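In: how would this look folded up:
(4 chains)
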Number of protein chains: 4
Amino acid sequence: MIIHLKNTITAEKAEALAAQHQAAIYKKEDYFVLIQSSKIKTLADTLADHAEAYFVLDTDIQLSSRDYLQTTREVQLGKVTIGGNTNHSVVITGPCSVESEKQIRQSAQLCNQLGVKILRAGSFKPRTSPYTFQGMGIEGLKLLAKISEEYGLKIITEVRDASHVDQVIEYADIIQIGAKAMYDHGILKKCGKTNKPVLLKRGFGSTLQEFVQCAEFVISGGNEQVVLCERGIRTFETKTRFTLDLCGVAFLKEHVNLPVILDPSHAMGYAYGVPDLTRACLAMGVDGLLIETHPNPKVAKSDAAQQLNHEEFSNLYNSLTPIASAIGRKIV
Amino acid sequence: MIIHLKNTITAEKAEALAAQHQAAIYKKEDYFVLIQSSKIKTLADTLADHAEAYFVLDTDIQLSSRDYLQTTREVQLGKVTIGGNTNHSVVITGPCSVESEKQIRQSAQLCNQLGVKILRAGSFKPRTSPYTFQGMGIEGLKLLAKISEEYGLKIITEVRDASHVDQVIEYADIIQIGAKAMYDHGILKKCGKTNKPVLLKRGFGSTLQEFVQCAEFVISGGNEQVVLCERGIRTFETKTRFTLDLCGVAFLKEHVNLPVILDPSHAMGYAYGVPDLTRACLAMGVDGLLIETHPNPKVAKSDAAQQLNHEEFSNLYNSLTPIASAIGRKIV
Amino acid sequence: MIIHLKNTITAEKAEALAAQHQAAIYKKEDYFVLIQSSKIKTLADTLADHAEAYFVLDTDIQLSSRDYLQTTREVQLGKVTIGGNTNHSVVITGPCSVESEKQIRQSAQLCNQLGVKILRAGSFKPRTSPYTFQGMGIEGLKLLAKISEEYGLKIITEVRDASHVDQVIEYADIIQIGAKAMYDHGILKKCGKTNKPVLLKRGFGSTLQEFVQCAEFVISGGNEQVVLCERGIRTFETKTRFTLDLCGVAFLKEHVNLPVILDPSHAMGYAYGVPDLTRACLAMGVDGLLIETHPNPKVAKSDAAQQLNHEEFSNLYNSLTPIASAIGRKIV
Amino acid sequence: MIIHLKNTITAEKAEALAAQHQAAIYKKEDYFVLIQSSKIKTLADTLADHAEAYFVLDTDIQLSSRDYLQTTREVQLGKVTIGGNTNHSVVITGPCSVESEKQIRQSAQLCNQLGVKILRAGSFKPRTSPYTFQGMGIEGLKLLAKISEEYGLKIITEVRDASHVDQVIEYADIIQIGAKAMYDHGILKKCGKTNKPVLLKRGFGSTLQEFVQCAEFVISGGNEQVVLCERGIRTFETKTRFTLDLCGVAFLKEHVNLPVILDPSHAMGYAYGVPDLTRACLAMGVDGLLIETHPNPKVAKSDAAQQLNHEEFSNLYNSLTPIASAIGRKIV
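Out: Modelled structure (predicted):
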């Protein structure tokens, strides 16, 4: 149950009510929001006098449910608006990992050249083997900050675990919580306390219910700037790296009020399939696309097989505008 | 290994060579084709004098591999051409099951009204419970034949098991092998001996490798008119009925020379998601779309939740042309 | 809903009632059993006078539910009893495929030597490639019949599709419906009309609900002699061929009244893991074990990697008795 | 490639060699071990003079591979030895969560009464909803420490994320890395620097390869005291919570040199199946069993459905000794 307290309730009183009713609490504009378990279906007598409004939800998808808020939430990133009723489909590109200044500069130039406004690159890589490249760490973050400043780009970069979440929050414009870190409470709680946008990737073994509930950790912490990202789930099929779950995206669009961005690169795992899949994702009418590119994929230190080179990406990018038009959307 | 025998080799001799080399055999135009296990990498001395050409393949995806035949095969169905280099995306619609003459007549009228040329409807239903509607059987086939004649439509209908495969081959214009029957050798072998087009649906627990190898049973039987249909695989996600595997479709487009048709209705399981998914499928650049519709889905005897009503389908159908144009394709 | 008609109701009348109420029907001892959809929760007025008893079930797992019949059903195979309250764990062994008289004779000798009473071997193989060994067909069935007679063994062999179901029913002592044929209505219906025991394997992409409902096709056809066989499901893990679902077996033991036999050989796919898994299966307290063995696995025409040689199997077999004793069961 | 440096190589030199060759490094007894990517198959000339021995491995399962070290590693926990050639199967039990002193005291009494030496209980719970009980946190750890002291028990408790890993390392006797935290580099790295045993649970969406590679993060950090725990993977089956992967356990026993403990409680999700599954796990011949129990499962604040009550567990525990004897093992 979600309860909007009256705006006359003080912080102290609101905190006391939350503790008394085992509720999460955050401040929204001039009032406090309490969230109890969705198993609670009737408003407690001890809350009745303090509640301006309350909402009974079926499951613990509460703040992000369209049963609570019908319209898609709007995430603001400088001049770029994601979601809401903008009919924007935001394209984000860049390499899997920051590898060098030269490389990331080339990626930034690609963005400028095409009009892409958000650059992606990871610096703390959650690799599955300890014997491979683990990312440039804090040095990579600083490099991203420098280049983004220079080229006027927004930066999205990944936090791998709670040990460096403060650094990523400091340097990133959008904080990406990767698929393997989706359940990381240390990260989710810190992200709930920042006001920067958060892109939450779905764990590849996670249900939609769990995925959206992880977003609820951030929102109920006080940060409503959350974007969901579907990037492929793990199935029995091994010809491709993962299986992009567009049925799941249809579910999210119908039932969840958060903007949705798709990452066909990680789902496919092979560059050859990325252009067709990207066009399919766009035709779903989603709020954004996240495509991995590299100036020279063959020498990439991670995800070499799935990154498009700059020419491939330019061709893909140019094919998107007519599809967007066909469904009444705009590439930004 | 695929071996094209010289066109001077008689049927008798070809059969003898096939038996001697444990090879499948079929006649193509004026010559015979032998297919041995892909594990065989060198041409037998005893075949060398009789071979016009031979092809070594990586796996038992042989006749359907783009390493053997680079271009997409063309399937001819009256005046409708599927696949090849037509850039056609064929739309097929109709109810899950034939239920009555009135119902199937309404479906035929919908097709005529929009320009859809192929009507789908099942009459032998592979239900998972013995205590539900099992289809009209042979009566349904006769009804489909009558209506198709009357409305000038082609009919695609499903064969459930080998016990009635002859009847379905007799009445259908395209024989649909359903997901649960994908491995059915009794059906696959009979379909290899007809010259009617076959639409083979992917088993929801089957790998792409197994799926295409089932198509090989039909082609190596002598019937090259095979269309693949992806209709969703079974994963851990339960918010939707299945998970449409568009990454797998990207694989098929890259590696397999058979036309591909997609069925978002069964994948999603809920009508609300079908329009967005259909548009995504089309934007992949596939050879066709199979969408379930019903004059009144609420009273449908099977798959009630996922069938679009005729108004919903008309709206969807009208939204497809601009997307097709955007990617250089044509809805037929 | 299951309805036991009074034993005064004639066949003609019973058939009429079944038709009127869209119910499946079969004769049990001296009365008829009707089965309607489990969605029907109240007895129809028009049935009330004719019903001796009726049972409302949650799902279409009806005749096989422990809510209908609490005790495990007993399947009789000559002198061997499977299930019931026997505390028997029946061991079945033999090769994947009948390959030659010499081979199958060696397998029969192994059985005789150890005291194994049921020999398995397939003759119609549901291979996934058309370019591999497809089984000896009817010749293999005749060979099995001859050897079983000679060695005093019962034979279990697989039906691949409906085109040869009559032959398998004629020659086999237990008819095995393989994983890929689990949904085959042509087979299921014929098996419902025989009185021979049926071993139904779970499709590797099938839920427990679907699995047991396929058994309901056989039982509601009139053949209550059905044994379930779990043989591994398909998951994302590829180090092993399939994933043996012992959690599912725990479910079956709790909720379903059919005997359960396990096949660790197909689940594992590699001989090295079969002994440990077999012991685990036995310790679950199941009604039987199905283990693939071959006189010389290296030259086996199918499933070479997973078959135990005769020495390995003898060692395994000898290790089973103490475990059976430890849980109060007996190897037969 | 694993390289054992000569014991004459100093720390300074060893570090320099590691940096030069992009290798992980840790000290073992009186020498240093370097680990390079398994893709490197030949010893670098610059290492040749410094290497005492080197080992080429197929994959990045290196230090934990039986190709490197044939025997199972031994983990020492006070007087309890896990793994090695002890033929011990260690039983661990206790509640999902520490909830109160009274509750945890009852659990400790159960352990003492039966002879169980290791008590489990979580205090930082990685719940999937923010609106449910999240564990007692540091207070729970202190309570566990107090009770373990009082009752002479060893404590295993879970670290949820990197933000409190230091606290868990301080208070626990065995540090449990939960399934959702398996990839957490912040935790894995800290665990590599402690000398306390680590129990690493397999992520429910993770392959065996990824699972063991996460153990490699800890071992290559210098802590060889790692125990693997299989606790069920996520599949399409929903009648049970997860699917216990015993085929995977057979793989681990064959190929990996780390002790393996099984957790049937989380796999099954329902108490009714836990006894049979536990006996199956034991009959696999594993190094330990982790079973959730609660003095009163009905009021448990987490995992209520799957915890055994103390009477059920006592009955189960008493049934284990004969099975252990049957396979030549001993319950400790």
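
In: against A:Gly232, how distant is the residue of the stretch 151-300 of chain A found nearest chain D?
Out: The minimum distance from the stretch 151-300 of chain A to chain D, using Cβ to the nearest Cβ, falls at A:Gly205 (1.5 Å). The way it works is simple: take the backbone N, C-alpha and C, and place the C-beta from them, glycine included. Going from A:Gly205 to A:Gly232 by Cβ to Cβ, to the nearest Å gives 11 Å.

In: so between those two, which is more surrounded?
Out: Neighbours were counted for A:Gly205 and for A:Gly232 using other Cβ atoms under 10 Å in any protein chain shown; A:Gly232 has more, 25 against 21.

In: for burial, what's the neighbour tally of A:Asn7?
Out: Applying other Cβ under 10 Å, we find 11 residues neighbouring A:Asn7.

In: would you map the helices across the stretch 1-150 of chain A?
Out: A:11-20, A:45-48, A:101-114, A:138-151 (DSSP state H, counting those that start in this stretch).

In: adding distance to B:Ser302, write those helices out as JSON lines.
Out: Listed next are these as JSON lines, based on distance: least, Cβ to Cβ, whole Å:
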{"stretch": "helix A:11-20", "distance to B:Ser302": "49"}
{"stretch": "helix A:45-48", "distance to B:Ser302": "47"}
{"stretch": "helix A:101-114", "distance to B:Ser302": "48"}
{"stretch": "helix A:138-151", "distance to B:Ser302": "54"}
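
In: would you turn these into TSV with mean neighbour count and distance to B:Thr321?
Out: Compiled in TSV, these are given as follows (neighbours: other Cβ atoms under 10 Å in any protein chain shown; distance: least, Cβ to Cβ, whole Å):
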stretch	mean neighbour count	distance to B:Thr321
helix A:11-20	14	54
helix A:45-48	11	54
helix A:101-114	18	28
helix A:138-151	17	39
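
In: nearest to A:Tyr131, out of those?
Out: Smallest distance to A:Tyr131 across the helices of the stretch 1-150 of chain A (Cβ to Cβ): 19.7 Å, for helix A:138-151.

In: the next helix or strand after that closest one: partners in the sheet, and parallel or antiparallel?
Out: For helix A:138-151, the following helix or strand on the C-terminal side (DSSP states H and E) is strand A:154-159. If you go by DSSP bridges, strand A:154-159 pairs up with strand A:118-120 (parallel), strand A:174-177 (parallel).

In: what angle do strand A:154-159 and helix A:101-114 make?
Out: For strand A:154-159 against helix A:101-114, the angle by axes from the mean of the first three to the mean of the last three Cα atoms, to 10 degrees is 130 degrees.

In: get me the contact residues on the stretch 101-250 of chain A for chain D.
Out: Applying Cβ under 8 Å from any Cβ of the partner chain, one finds that the stretch 101-250 of chain A approaches chain D through A:124, A:126, A:128-132, A:134, A:160-164, A:180-181, A:183-187, A:189, A:203-206, A:209-210, A:213-214, A:216-217, A:220, A:234.

In: near chain C, from these?
Out: Contacts with chain C are made by A:Arg234 out of those, judged by Cβ under 8 Å from any Cβ.

In: just the buried residues out of the residues of the stretch 101-250 of chain A next to chain D, in PyMOL syntax.
Out: Command for PyMOL, covering only those of these found buried under the criterion 16 or more other Cβ atoms under 10 Å in any protein chain shown:
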select buried, chain A and resi 124+126+128+129+130+131+132+134+160+161+162+163+164+180+181+183+184+185+186+187+189+203+204+205+206+209+210+213+214+216+217+220+234
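
In: of the residues of the stretch 101-250 of chain A next to chain D, which belong to helices?
Out: Using DSSP state H, A:His185, A:Gly186, A:Ile187, A:Lys189, A:Gln209, A:Glu210, A:Gln213, A:Cys214, A:Glu216, A:Phe217 are the members of these that sit in helices.

In: list the residues that contact the fifth one.
Out: For A:Gln209, the contacting residues are A:Thr59, A:Ile61, B:Lys239, D:Thr128, by Cβ atoms under 8 Å, 6 or more residues apart in numbering or on different chains.

In: OK, contacts around the third one?
Out: In other words, B:Lys239. So B:Lys239 contacts A:Thr207, A:Leu208, A:Gln209, A:Gly248, A:Phe251 (Cβ under 8 Å, 6+ apart).

In: which among these count as buried?
Out: A:Thr207, A:Leu208, A:Gln209, A:Gly248, A:Phe251.

In: do you know how far A:Ser38 is from chain D?
Out: Counting by Cβ to the nearest Cβ, to the nearest Å, the gap from A:Ser38 to chain D is 7 Å.

In: would you confirm that that residue contacts A:Asp58?
Out: Yes. Checked against Cβ atoms under 8 Å, the pair A:Ser38 and A:Asp58 is within contact range at 6.6 Å.

In: between the two, which one's more packed in?
Out: In terms of neighbours (other Cβ under 10 Å), A:Ser38 is the more surrounded of A:Ser38 and A:Asp58; the figures are 19 against 11.

In: and the more buried one, what does it touch?
Out: A:Met1, A:Val56, A:Leu57, A:Asp58, A:Thr59, A:Asp60, A:Gln62, D:Tyr131.

In: contacting residues for A:Arg329?
Out: A:Arg329 neighbours (Cβ under 8 Å, 6+ apart): A:Asn87, A:His88, A:Ser89, A:Leu282, A:Gly285.
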